[in-house]
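>>> Fold the stuff below for me.
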Amino acid sequence: MNGREDQKDNDLFYTCSLIDYIARQTKNTRVVVVNQLGKTRLQKIYEYADVFHCDNIEKVSDDFINEAQIKMGTFDNVKTCKYAIPSYWDIGKVYKRLIKQVAQEEEKAVIDALIEVYNSFISAKIDDYNSSVYYENPSYIFECYREKAMI
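Below you'll find the predicted structure:
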């Protein structure tokens, strides 16, 4: 462990933040980006996050957008946000915490948990910046995920 956080936790944080950045750039939902990137690319991002983190996130994003052939969509939760817009780093932290807890609780590989979380109902809730979900307590978000409903 170097610093305050385990290196793999930091790698997951970067992976989730990059997903959010790509989604904002391409105007897609996060689930579309995750599914278009696919498990192999997601694993690559996660495994080499410390290397990718040294580069400009815009360049890394462009490289993966081109490689995965992610098309422009129409989803723009930044434009429709009526309040303070969370950064892609803020959203990356929310997803990192949830994915880490899902992986631990359900004894799954991190990338499998990532794909599952982004493909669940909670992803749309987190990505609605006009709601309060993205800044709720991580334990509450996890319980909602587990119950498959907002509680």
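>>> who's in contact with the residue nearest to residue 133 when sequence neighbours are not counted?
Nearest residue to residue 133 in three dimensions, chain neighbours excluded: residue 125, at 4.4 Å (C-beta to C-beta, 6 or more residues apart in numbering). For every residue, glycine as well, the C-beta is placed using N, CA and C. Taking C-beta atoms under 8 Å, 6 or more residues apart in numbering, we find residue 125 in contact with 131, 133, 144, 150.
>>> hmm, try it at 7 Å
131, 133, 150 (C-beta atoms under 7 Å, 6 or more residues apart in numbering).
>>> Likewise for residue 114?
Residue 114 is in contact with 42, 99, counting by C-beta under 7 Å, 6+ apart.
>>> Likewise for residue 45?
Contact analysis of residue 45 by C-beta under 7 Å, 6+ apart lists 15, 18, 52.
>>> In helices, which of those residues fall?
Among these, the members falling in helices (DSSP state H) are 15, 18, 52.
>>> what number of residues lie near the first one?
Which is residue 15. Residue 15 has 29 neighbouring residues, counting by other C-beta atoms under 10 Å.
>>> Then the second one?
Burial measure for residue 18: 24 neighbouring residues, criterion other C-beta under 10 Å.
>>> That one contacts residue 60, correct?
Yes - the criterion here is C-beta atoms under 7 Å, and residue 18 meets it with residue 60 at 6.5 Å.
>>> check contacts around residue 64.
Counting by C-beta under 7 Å, 6+ apart, residue 64 makes contact with 22, 37, 41.
>>> Repeat the analysis, applying 6 Å as the threshold.
For residue 64, no contacting residues are found, by C-beta atoms under 6 Å, 6 or more residues apart in numbering.
>>> Need phi/psi at the residue lying closest to residue 94 once chain neighbours are set aside.
Spatial nearest neighbour of residue 94, chain neighbours left out: residue 134 (5.3 Å); criterion: C-beta to C-beta, 6+ apart. Backbone torsions of residue 134, given as degrees, to the nearest 10, read phi -60, psi -20.
>>> Retrieve the pLDDT associated with residue 134.
Per-residue confidence (pLDDT) for residue 134: 92.
>>> distance of it from residue 141?
Residue 134 is 8 Å from residue 141, where distance means C-beta to C-beta, to the nearest Å.
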